[in-house]
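what's the 3D shape of this:
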Amino acid sequence: MNSNILELYGVSTTNERVDWHMLIANQQCPYLERKCVKIRKSQPDISIGTCSVIHGSKGDAGVIICPHRFLERRQIFLDCIHLLSLHEPGNELHKVSEVDIPGGSVDYVLASVRKGKVVDFVGIELQALDTTGTIWPQRQKLLREMGVDSSYDFEEKKPYGMNWKMTAKTILVQLHHKIETFEQLNRHLVLVIQDPVLDYMKREFNFGHVQQARMGDSMHFHSYSLKDGEETSKISLTNRISTDAQGISKCLGMQVSPSVELQVIFSPYAVQIYASNTCTTRTTPVGQLEVLGASRTRSVVPEHTAWP
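As a prediction, the model looks like this:
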């Protein structure tokens, strides 16, 4: 294949056993368990479906460009359970998406719930590598090479690139606006990223004070590798480092002082989280999810996310 697309709808583009005609027609994201939310502005009925691409001078590095790709096996949530210092066996684990806090919102909150009350929680932010331009031509080239739909047209003159600087700076600024909220509540915030993005941050920003992960730090970085597999690639936690609100300020030289009470975050979701273990619109039990076979509920994400 001459295309740079590594994974499409969660499947490796080198997988010859998959029915690509059906996969493209269904447009299903295996991580969200629904139609892919990466759509074209000009064709909102067609999803793009690109999870990761091949990048690097040697053309052998897989780079995640969709944050939902990190939801594979719900592993990122399991990797945060140790930060729930008040969690005990028997507590329920819930994940809540798009939780509003001062300074923005958090992609996910993993909460430990006992007898209908939140006893501990950790915020989780997902950051894939942003792209410049459009990846659509590469997708169309791939489909034509696969013989899926030769009628698709594409323009070779529209390249895409990796927006390393904007990706790193934007997420660090966002973390700076959010971390003091978690620190004042004596809770943790975790940024889930890929190894190449963390490496870029260490080179381009002041990360000398950000050391091996410590429970006492409020801001944690979980870095994952993307390893090739026979049918699809697999993420794996490779590095954990941490700092605090002051440490994030050192990275950027900025200061904010948000203040919030615990109930400000959770009161809008209290009914949905604690009412029962049945299906709700914004919560999903995790932890026992795939591992112990607990019943699953649906987590709501924005209906449409427009991509170039």
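
give me the phi and psi angles of H177.
Per-residue torsions, H177: phi -80, psi -20 (degrees, to the nearest 10).

wait, V53 touches G62, no?
Yes. When contacts are counted by CB atoms under 8 Å, V53 is listed as touching G62 (7.4 Å). For the C-beta atoms, the positions are set from N, CA and C on the backbone; glycine is no exception.

who touches both of the two?
Shared contacts of V53 and G62, defined by CB atoms under 8 Å, 6 or more residues apart in numbering, are found at L6.

so where's the chain uncertain?
Low-confidence regions of the chain, defined by pLDDT under 70, span residues 1-2, 57-60, 150-158, 229-231, 253-308.

how about the helices in it?
Taking DSSP state H to define them, one finds helices in the chain at 20-26, 75-78, 136-146, 164-184, 195-204, 245-252, 262-266, 270-274, 288-291.

tell me the contacts of D149?
24, 143.

how about 6 Å then?
L143 (CB atoms under 6 Å, 6 or more residues apart in numbering).

out of the helices of the chain, flag the one nearest I39.
Nearest to I39, of all those, is helix 136-146, at 11.0 Å by CB to CB.

list the buried ones in the closest one?
136-144, 146 (16 or more other CB atoms under 10 Å).

any chance of CSV for those residues, columns distance to N163?
Below are the buried residues of helix 136-146 laid out as CSV (distance: CB to CB, whole Å):
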residue, distance to N163
W136, 16
P137, 17
Q138, 16
R139, 18
Q140, 21
K141, 21
L142, 22
L143, 25
R144, 27
M146, 28
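
ok so, going back, neighbour count: V53 and G62, which is higher?
Neighbour totals were compared for V53 and G62, and V53 leads with 24 against 20 (other CB atoms under 10 Å).

my guess is that one contacts L6, does it?
Yes. Contact criterion CB atoms under 6 Å: V53 and L6 qualify, at 5.5 Å.

which non-adjacent residue is nearest Y108?
With sequence-adjacent residues excluded and distances taken as CB to CB, 6 or more residues apart in numbering, Y108 is closest to I124, at 4.3 Å.

any idea how many residues pack against that neighbour?
Residues near I124, counting by other CB under 10 Å: 26.

ok, M215 next?
M215: 10 neighbours (other CB under 10 Å).

could you do E88 as well?
E88: 10 surrounding residues under other CB under 10 Å.

also D195?
Neighbourhood size, D195 [other CB under 10 Å]: 16.

who does the residue nearest to Y108 bridge with?
Y108, V190 (DSSP bridges).

mind checking how far it is from K95?
Distance, I124 to K95, by CB to CB, to the nearest Å: 8 Å.

my read: the residue nearest to Y108 touches L191, true?
No. With contact defined as CB under 6 Å, I124 does not count as touching L191 (8.2 Å).

tell me how far G116 lies from G133.
Counting by CB to CB, the gap from G116 to G133 is 49 Å.

same thing with R240?
The gap separating R240 from G133 is 33 Å, by CB to CB.

these two - which one has more neighbours?
R240 (15 against 12).

please name the residues that touch the closest residue to that one other than its chain neighbours.
Spatially, and ignoring its direct neighbours in sequence, R240 is nearest to A213 (3.8 Å; CB to CB, 6+ apart). Residues in contact with A213 (CB under 6 Å, 6+ apart) are 220, 240-242.

just the buried ones from those residues, in ChimeraX syntax?
Restricted to buried positions by 16+ other CB under 10 Å, the ChimeraX selection for those reads:
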select :220,241,242
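
which one of the contacts of A213 is nearest E33?
Closest to E33, out of all of those and judged by CB to CB, is H220, at 27.0 Å.

wait, the closest one touches L191, no?
No. Contact between H220 and L191 fails when scored by CB under 6 Å: they sit 7.2 Å apart.

how close does K234 sit to K169?
Distance from K234 to K169, counting by CB to CB: 29 Å.

and if you look at I135?
From I135 across to K169, the span is 22 Å (CB to CB).

more neighbours, the two?
Legend: neighbour count by other CB under 10 Å for I135 and K169, higher for I135 (23 against 16).

quick check, C80 in contact with V190.
Yes. Using CB under 6 Å, C80 is in contact with V190, at 5.5 Å.
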